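Participant: predicted model follows, preceded by the sequence.
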Amino acid sequence: MRRRWRKYRREPVVSLWQSGRSRSERTGERLRVGMTILAIAFVVVGLRLGEVAWPGDTDARPVHAAKEVPVRGEIFDRHGTMLATTVLVPSVWVNPADVRDPAKLAAQLSAVFPELSQARLERRIVAGKQRGRQFLWVRRHARPTRAEAAMHIGSPGLYIQDERRRVYPQGRLTSHAVGYVNIDGRPQAGVERVSDRTIRKRPVHLTLDLRVQYALRDRLQAAMERFQAVAAAGVVLEIGTGDVLAQVSLPDFDPNDVQDADDPGMLDLGTQGVFEMGSTFKTFTVAAALDAGQVQVDSHFDATEPVKIGRHTINDYHPEGRWLRLSEVFVHSSNIGTVRVAEALGKENQWDYLGRLGLLGAIETPGLRTAHPRLPGAWGEIERATVSFGHGIAVSPMHLAAAVAAVVGDGRYRPPRLLRSEPSAPATGALRPSTVRQMRTLLRQVVQHGTAGLADIGNYEIGGKTGTAQKVVNGRYRQGARTNSFVAAFPMSAPRYVVVVLLDEPKAAPGTHGFATAGWNTAPLAGSVVAGVAPILGVPPVPAASPDSDALTQVALR
Amino acid sequence: MTSGVEAMRGWFVRWAGSVDRINLALLMGLACVGVLAVMTATHLVAIHRGFDELYFFGWHVRVLVPTLAVMVALSFLSPLGVFRLSAGGLAIVMVLMVLTLATAEPVNGARRWLNVGGLSLQASELAKPFFAVVTGWLLARGRNTSFGVLVRSRPSYLLMPLGLLFALWALLVAQPDFGMTMIVGIAWCGQLFLAGLRLRLMLLAALVGAGLIGIAYKTLSHVEDRINQFLYPDGEAGYQVGKGLEAYGRGGFLGQGPGEGTIKASIPDAHTDFIFPVIAEEFGVAACIAVLALVAGITFRGLSRLRGSQDLFVMLAAGGLLLQFVLQALVHVAVTLNLAPTTGVTMPFISTGGSSLLAVGIAMGLMLALTRRRVVPAGWNR
């Protein structure tokens, strides 16, 4: 009995410890179990580490930061004046997921930026929170003082980040030539777009001369106002190099503050607009015929009656009703005569010369990319006739300038270029030197004795050709709506520069006696441009009524 | 004189021959990694708080060097010495904890810091290693096999460690310190498991633990907040964890490079509770895994060395110390990985800190002392 009691006292009713082998042996076993559990814990943590670091796992790795605007080099004109640069400006954004009190933050932000609607901001943050968005712009390109005020709000999820902003110090003056980039730094137009890759790598110098650019834009603007034109375009080209010294298209835009990318003013008429140029094209028809040897300067052409081709009749603006010499055809701008010249030139030759003068394809050179010309669908008798005086074919003003440069320069076609730092495309032979000499004389005569007398401003020996084209609207020629152009070169004894100006739908103005043809508007406009830019470019005026120049004319025309 | 030097040499040789040199090297390695991490993680924090940019770095080194010295010094102790130091230490530290509660001003809503002669001391950190050793002793009491005597257990052997745990818990919850309460409790259960508690009683302990967490969730507002923030991430704690995850993601596997971290500037407590994502952002997850490998190496090396031991006190005390160490590391990392609620636990030997660093040094010193190879079975606890 007693022994039993003792035994009972020595053994607990319930054993706390697992029975079995010796204690330390069991502890060793349990150590092994514990180590296994710990090893599993380490593996779990290690796997989770791999998961959160796994690239592209958006759940564990919130993508917050704003996409970075790419770096761009500055753009300068040929003399080093800055046309485009990049500055750092603060932008404000929020991570909606981190915002605790959207209403409060919206109120604080709209207090800093009064232009932001508090209600709308709150809605956007709340909506972003619901959709789990990590990024929301509040205000891009903020004033630094405002951004600092926003920073002092100090709310979680509110961030200020410096962004690259493209700035164009010359504003509208170079808007079409330089183009612009959008708020995310994507190039939209002009050199910015054409030479995007180059500009992303380094700064570039353009061929533009800002002084010439200013003079051209100033005269174009004045003319556009005076003749109530809907648009205007102009190009100044250096003949020996193909450098574009100035390129203006009006209306233009402020590249620092682009409002509506679909606005008509956003189209660069100088390179992207194609126009039926009218009589200026006679320059190419006559030059081709002379060069091919099919006609001579003193050849005569029957302009007694209108030309009938199929159902069409081609007439002259001022019918002379007689046989005309080649120089008379050109100087008096006879459509009938030009058609006869084209007939003499021949079907194949006519097309071939258009190609040699770069008028059949888009111009793609460093910094410049024009629209493709609109070419006739067939090459029959009627198309040949209309193309000879500049209808049924539409090219850009840049095309016109480059082709005229070849005609009056050295007979070689140089694709114009806008980027000075890159080599230009090689020049290709187009016309014989004798043709060039004859064309210089003819173009000078147009100004001296023909339709473009008003262009002869300032004794700069201007030569040129007027063009008054019926405007095509919705596929039909519209009565009274014209595209007037003028191609000029100076000084005509040894031409160095080509000027092309174009007015879209100019009206008669006081002093033009009710006329609205090119001789009354674009011719004097081109003259004033030449008078404006010649001093800048260092071209001296020649003494008035120099007998030499007339002597030159007589010799060449004989 | 000569004999004195000889005695010293013999003493040192005995220590060097018996101490776990591999683990000593691993611990030193971890401390070196910590110096590097603190250098990169703290300079922005220091600037934000208006100090010189090397303020925290200098502080860390000034604490780390004495800590490592203390660790090596403690490793010379015998198991009996370990127990005596711990018992005395625990008594003193628990008194300090009561004093802390009575006098300290709350910082971030918790009364943890006791001002001792110009230095602020977190007594509860120091209580941790001493508590593990004393618990081990209580559990092993009378159950030592050294003399071949097998004494059947009595419930009181369990009640005393339980009472000690509740006493410490009371002091911790009063502060309050959620993270340390958890770590101390889980390590205590681990010691019970190692001591060979019946599995169904282990299950009961787990149920009770879960129940206690439930009660804490219902009654203590800060516990409720932390757990809610973990379950439904939002607000400031969610911000901290979110920034941490962002840093891991930005770092990727190889990191952005030293000094290239940017998210670290906006992680709250980047120098202490969230130092691991800072390492990840600059040195990559590869470096994080290397640090975890060091921690795991120290733990497994220590635990496997215990398996051959015949001394139950040594096994339970050192096991408890190692468990606290590894749990602290795992919880620290798990919190930053959003695998556990935010607890405010430092990374051993890596995070900046005074008391917590010293406590880890003491713990590892005691662990090294207990895991020394002994030629004769110790008969110290007669």
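Facilitator: Thanks, I have it.

Participant: only C-alpha atoms for contact and neighbour calcs from this point on.
Facilitator: Noted.

Participant: all helices for the stretch 201-350 of chain A, in order.
Facilitator: Using DSSP state H, counting those that start in this stretch, the helices of the stretch 201-350 of chain A run over A:210-226, A:282-291, A:326-331, A:335-345, A:347-356.

Participant: so which of the ones you listed is nearest A:D268?
Facilitator: Counting by Cα to Cα, A:D268 lies closest to helix A:210-226 out of the helices of the stretch 201-350 of chain A; the figure is 13.4 Å.

Participant: quick one: which of the helices of the stretch 201-350 of chain A is nearest B:A174?
Facilitator: The nearest among those, by Cα to Cα, is helix A:210-226 at 78.8 Å.

Participant: can you list the residues of the stretch 101-250 of chain A near chain B?
Facilitator: A:P156 (Cα under 8 Å from any Cα of the partner chain).

Participant: so who does B:G365 touch?
Facilitator: The neighbours of B:G365, taking Cα atoms under 8 Å, 6 or more residues apart in numbering or on different chains as the test, are B:70-75.

Participant: rerun at 7 Å
Facilitator: B:71-72, B:74-75 (Cα atoms under 7 Å, 6 or more residues apart in numbering or on different chains).

Participant: quick one on the thing from earlier: would you format the helices of the stretch 201-350 of chain A as JSON lines with mean neighbour count included?
Facilitator: Formatted as JSON lines, the helices of the stretch 201-350 of chain A follow (neighbours: other Cα atoms under 10 Å in any protein chain shown):
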{"stretch": "helix A:210-226", "mean neighbour count": "20"}
{"stretch": "helix A:282-291", "mean neighbour count": "25"}
{"stretch": "helix A:326-331", "mean neighbour count": "23"}
{"stretch": "helix A:335-345", "mean neighbour count": "24"}
{"stretch": "helix A:347-356", "mean neighbour count": "16"}
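
Participant: can you lay out these as a markdown table showing mean pLDDT?
Facilitator: A markdown table is the format used below for these (pLDDT from 0 to 100):
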| stretch | mean pLDDT |
| --- | --- |
| helix A:210-226 | 96 |
| helix A:282-291 | 95 |
| helix A:326-331 | 91 |
| helix A:335-345 | 93 |
| helix A:347-356 | 94 |
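
Participant: which strands and helices sit next to the helix or strand containing A:A106?
Facilitator: Using DSSP states H and E, A:A106 sits in helix A:102-112. Here helix A:102-112 touches helix A:118-130, helix A:144-151, going by 3 or more Cα pairs under 7 Å, 6 or more residues apart in numbering or on different chains; DSSP states H and E.

Participant: quick one: closest of those helices to A:V94.
Facilitator: Of the helices and strands packed on helix A:102-112, nearest to A:V94 by Cα to Cα is helix A:118-130, at 8.1 Å.

Participant: now do the buried residues in the next helix or strand after that closest one.
Facilitator: Once the chain leaves helix A:118-130, the next helix or strand it forms, by DSSP H and E, is strand A:136-139. Across strand A:136-139, burial judged by 16 or more other Cα atoms under 10 Å in any protein chain shown covers A:136, A:138-139.

Participant: who's in contact with strand A:136-139?
Facilitator: With contact meaning Cα under 7 Å, 6+ apart, strand A:136-139 is reached by A:91-95.

Participant: make it 8 Å
Facilitator: Under Cα under 8 Å, 6+ apart, the answer for strand A:136-139 is A:91-96, A:121, A:125, A:128.

Participant: what do you get for stretch A:289-301?
Facilitator: A:323-327, A:337, A:340-342, A:344-345, A:349, A:431-432, A:434-435, A:438, A:557-558.

Participant: among these, which ones lie close to chain B?
Facilitator: Answer for those near chain B: none qualify (Cα under 8 Å from any Cα).

Participant: tell me the one of the contacts of B:G365 nearest chain A?
Facilitator: B:S75 (22.2 Å; Cα to the nearest Cα).

Participant: how about the closest one, nearest residue that isn't a chain neighbour?
Facilitator: Closest residue to B:S75 apart from its sequence neighbours, by Cα to Cα, 6 or more residues apart in numbering or on different chains: B:A369 at 3.9 Å.

Participant: the helices of the stretch 201-350 of chain A: which one's closest to B:V333?
Facilitator: Nearest to B:V333, of those and by Cα to Cα, is helix A:210-226 at 63.3 Å.

Participant: packing partners for the closest one?
Facilitator: If you count contacts as 3 or more Cα pairs under 8 Å, 6 or more residues apart in numbering or on different chains; DSSP states H and E, helix A:210-226 packs onto strand A:231-238, strand A:244-250, helix A:522-537.

Participant: got the ones you listed as JSON lines, with mean pLDDT and mean neighbour count columns?
Facilitator: Below are the helices and strands packed on helix A:210-226 laid out as JSON lines (pLDDT from 0 to 100; neighbours: other Cα atoms under 10 Å in any protein chain shown):
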{"stretch": "strand A:231-238", "mean pLDDT": "96", "mean neighbour count": "26"}
{"stretch": "strand A:244-250", "mean pLDDT": "95", "mean neighbour count": "29"}
{"stretch": "helix A:522-537", "mean pLDDT": "94", "mean neighbour count": "23"}
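
Participant: turn these into CSV, columns for distance to A:F42.
Facilitator: CSV is the format used below for those (distance: least, Cα to Cα, whole Å):
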stretch, distance to A:F42
strand A:231-238, 74
strand A:244-250, 70
helix A:522-537, 79
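
Participant: follow-up on the earlier one: now the helices and strands packed on helix A:102-112 as JSON lines including mean neighbour count and mean pLDDT?
Facilitator: Shown next, in JSON lines, are these (neighbours: other Cα atoms under 10 Å in any protein chain shown; pLDDT from 0 to 100):
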{"stretch": "helix A:118-130", "mean neighbour count": "17", "mean pLDDT": "88"}
{"stretch": "helix A:144-151", "mean neighbour count": "16", "mean pLDDT": "89"}
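
Participant: okay, these in JSON lines with distance to A:V43 next?
Facilitator: Shown next, in JSON lines, are the helices and strands packed on helix A:102-112 (distance: least, Cα to Cα, whole Å):
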{"stretch": "helix A:118-130", "distance to A:V43": "34"}
{"stretch": "helix A:144-151", "distance to A:V43": "42"}
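
Participant: among those, which comes closest to A:T283?
Facilitator: Once the helices and strands packed on helix A:102-112 are compared by Cα to Cα, helix A:144-151 is nearest, at 57.3 Å.

Participant: and the closest one, how far out from the chain middle?
Facilitator: Here helix A:144-151 is found 35 Å from its chain centre; the criterion is Cα atoms, centre = their mean, to the nearest Å.

Participant: what helices or strands is that helix leaning on?
Facilitator: By 3+ Cα pairs under 8 Å, 6+ apart, helix A:144-151 packs against strand A:82-94, helix A:102-112, strand A:158-167.

Participant: so of those, which one's packed in deepest?
Facilitator: strand A:158-167 (a mean of 21; mean count of other Cα atoms under 10 Å in any protein chain shown).

Participant: tell me the mean pLDDT for the helix or strand just after it?
Facilitator: Heading C-terminal from strand A:158-167, the first helix or strand you meet, by DSSP H and E, is helix A:175-178. The pLDDT scores in helix A:175-178 average 94.
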